[in-house]
Structure formats: C-alpha cells, structure tokens
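**Student:** The following comprises the amino acid sequence and a computationally predicted model.
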Amino acid sequence: MSNKKNVILKTNQAWCKGCGICVAFCPVKILELKKEKIHVTDKEKCIKCGLCELRCPDFAIYLEEGKHGE
C-alpha cells in the first residue's frame, strides 16, 4: 500500500471463524472477539501495520485503499 493515510481497516464477519489470531498480533490492542467474531474497538488508533491481515488464515480482516474522505 502506497499511502497509509488512505488505507482503511476492514472486516468480513462472514469469513471470520473467531480464531483470535489477529487479536493476539495487534500491537495497539484494538481488536477483540465478540460472539466469536472480530470487532475493531477503535479504528482511529489503528496504526495500519497489517499484522492482522498477514496472520488471518481466513482473510476476514484486511487493509484496503480507501476513497478520500472515508
């Protein structure tokens, strides 16, 4: 990803199996499991490091290039 300012953390609840790997690897601890699905507690604190995306075996959490103003 070229510009981290335009990158957005996204989740796909349908693909999440609740393994918690992303939660364990998040350095700023903004991820948690609720009802066995991933939830982002504070997107503003996300440092967009990509560790969650890298470690998720189900591709349920990822960084995506966002539109201006999103």
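**Tutor:** Arrived safely, thanks for sending.
**Student:** can you give me the strands for the chain?
**Tutor:** 7-11, 31-34, 37-40, 61-65 (DSSP state E).
**Student:** is it possible to export the ones you listed to CSV including distance to Phe25?
**Tutor:** The C-beta positions use only the backbone N, C-alpha and C, and glycine is treated the same way. What follows is the strands of the chain, written out as CSV (distance: least, CB to CB, whole Å):
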stretch, distance to Phe25
strand 7-11, 13
strand 31-34, 9
strand 37-40, 12
strand 61-65, 10
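**Student:** so where's this protein shaky on pLDDT?
**Tutor:** 1-3, 67-70 (pLDDT under 70).
**Student:** Thought Asp58 was touching Lys17, still the case?
**Tutor:** Yes: Lys17 is in contact with Asp58 according to CB atoms under 8 Å; the separation is 5.5 Å.
**Student:** I'd assumed Pro57 was in contact with Cys19.
**Tutor:** Yes: contact criterion CB under 8 Å: Cys19 and Pro57 qualify, at 6.8 Å.
**Student:** Counting neighbours, go ahead and name the busier of those two.
**Tutor:** Counted by other CB atoms under 10 Å, Cys19 and Pro57 do not tie: Cys19 has more neighbours, with 16 against 10.
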